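Student: just a sequence and a predicted model for now, questions to come.
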Amino acid sequence: MTSIEIPAQPNAIELGTGPLPGAETPESWHSQYGSKFARNVTVATLTPFLPDPGKATGAAVIVAPGGGFRTLSMENEGWQVAEALAAKGVAAFVLKYRLNQTAADLNEFADPTRPRPRSGPRSGRPTPTEMTARIAPQVADANAAFALIRENSEKWHVDPDRIGMIGFSAGAMLTMTTTLSEGESKPAFIASIYGGLNAVEVPADAPPLFVAIAADDPLFPVGFGLIENWRKANRAVELHYYEQGGHGFGMYQKSTTSTGWFDAYVRWLGMHGYLKPAS
């Protein structure tokens with residue numbers, strides 16, 4: 001890890017959810033794996049990546065990077081994903097959500113012997129209500145992102161009824177929690193990229209779900225309760241279970257077949273009609 005200056009983000013829009021309660025450590029950034037990461041984010045923002053108006057399909061996707069609610073992989077799981085979606089005619093919005101506070105010193109933060117604080121008790125499987133409480137600031141940021149896009153839908157050439165969300169790792173957890181909570185977000189479609197696959201209670205109006213994960217992911221054990229329950233609820237779900245890829249492959253170009261997840265996701269969007277204007 002190498003400390004870097006906070007990149008210019010001229011198009012970032014503050015979401016108005018306020019500063020993280022009790023936060024004292026200011027935002028900082030570092031480079032790792034050849035990519036840019038944010039840390040100690042205390043004010044949430046949303047950055048639009050808009051397609052050419054003549055190419056816009058009206059569909060939009062909120063992109064939630066991962067990082068264990070301690071960092072945000074802003075480049076590999078954020079900007080690069082959004083740029084690729086905009087190139088397909090889909091408006092994309094990178095959500096820089098608020099994070100749990102970590103050590104201000106990067107070396108102290110990176111010390112593997114330093115205990116990591118937990119966001120709450122880990123025994124058992126939390127209910128959507130419990131999960132919403134655990135990551136309440138992040139869910140508030142996601143809800144505000146949906147509201148902002150709908151408020152500006154005409155200006156951004158977005159259909160307010162065709163806004164989805166894609167999340168990576170912790171961002172996948174945020175995507176699922178936002179979807180299952182009783183908020184006003186109501187994503188039209190969602191994607192979980194190397195997120196947990198634990199079973200959840202699937203609502204009758206659950207949106208279409210795209211899932212991609214590698215069999216050798218060290219953070220999540222094998223289990224398909226999420227997929228099984230989505231199917232039992234007769235809701236649309238597609239799973240890509242790659243032999244190799246590890247965790248955090250994102251937009252990195254690797255020799256594993258997991259690198260093909262984005263192309264598969266785009267085809268899935270097309271199958272559901274999001275790569276062309278609504279009729």
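Tutor: Arrived safely, thanks for sending.
Student: neighbouring contacts of stretch 212-224?
Tutor: Stretch 212-224 is contacted by residues 169, 191-198, 239-247, 249, 256, 258, 261, 264-265 when judged by Cβ atoms under 8 Å, 6 or more residues apart in numbering. Bear in mind the C-beta positions are built from the backbone N, C-alpha and C, glycine included.
Student: start and end of that stretch, how far apart?
Tutor: Using Cα to Cα, to the nearest Å, the end-to-end distance of stretch 212-224 comes out at 12 Å.
Student: repeat that for stretch 4-12.
Tutor: 19 Å.
Student: repeat that for stretch 41-48.
Tutor: Start-to-end, stretch 41-48 (Cα to Cα) is 18 Å.
Student: who's in contact with that stretch?
Tutor: Taking Cβ under 8 Å, 6+ apart as the rule, stretch 41-48 contacts 9, 11-15, 17-20, 23, 25-27, 62, 72, 79, 82, 91-99, 137, 141, 144-145, 148-149, 156.
Student: filter those residues down to the buried ones and hand me the PyMOL line.
Tutor: Selecting the buried subset of the contacts of stretch 41-48 in PyMOL, with 16 or more other Cβ atoms under 10 Å as the burial test, is done by:
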select buried, resi 12+15+17+20+23+25+62+72+79+82+91+92+93+94+95+96+97+98+99+137+141+144+145+148+149+156
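Student: return the subset of the contacts of stretch 41-48 lying in strands.
Tutor: 13-14, 62, 72, 91-96 (DSSP state E).
Student: nearest to R162 among those residues?
Tutor: A91 (9.6 Å; Cβ to Cβ).
Student: touching, V237 and N229? I think so.
Tutor: No - shown here, V237 and N229 do not form a contact pair, counting by Cβ atoms under 8 Å, at 9.2 Å.
Student: any of the contacts of stretch 212-224 buried? List them.
Tutor: Using 16+ other Cβ under 10 Å, the buried ones in the contacts of stretch 212-224 are 169, 191-197, 239-242, 245-247, 249, 258, 261, 265.
Student: for A212, grab phi and psi.
Tutor: phi -140, psi 130 (degrees, to the nearest 10).
Student: and it, bridged to which residues?
Tutor: I193, H240 (DSSP bridges).
Student: please name the residues that touch T2.
Tutor: Contacts of T2 by Cβ under 8 Å, 6+ apart are 30-32.
Student: quick check: phi and psi on it?
Tutor: Main-chain torsions, T2, degrees, to the nearest 10: phi -130, psi 130.
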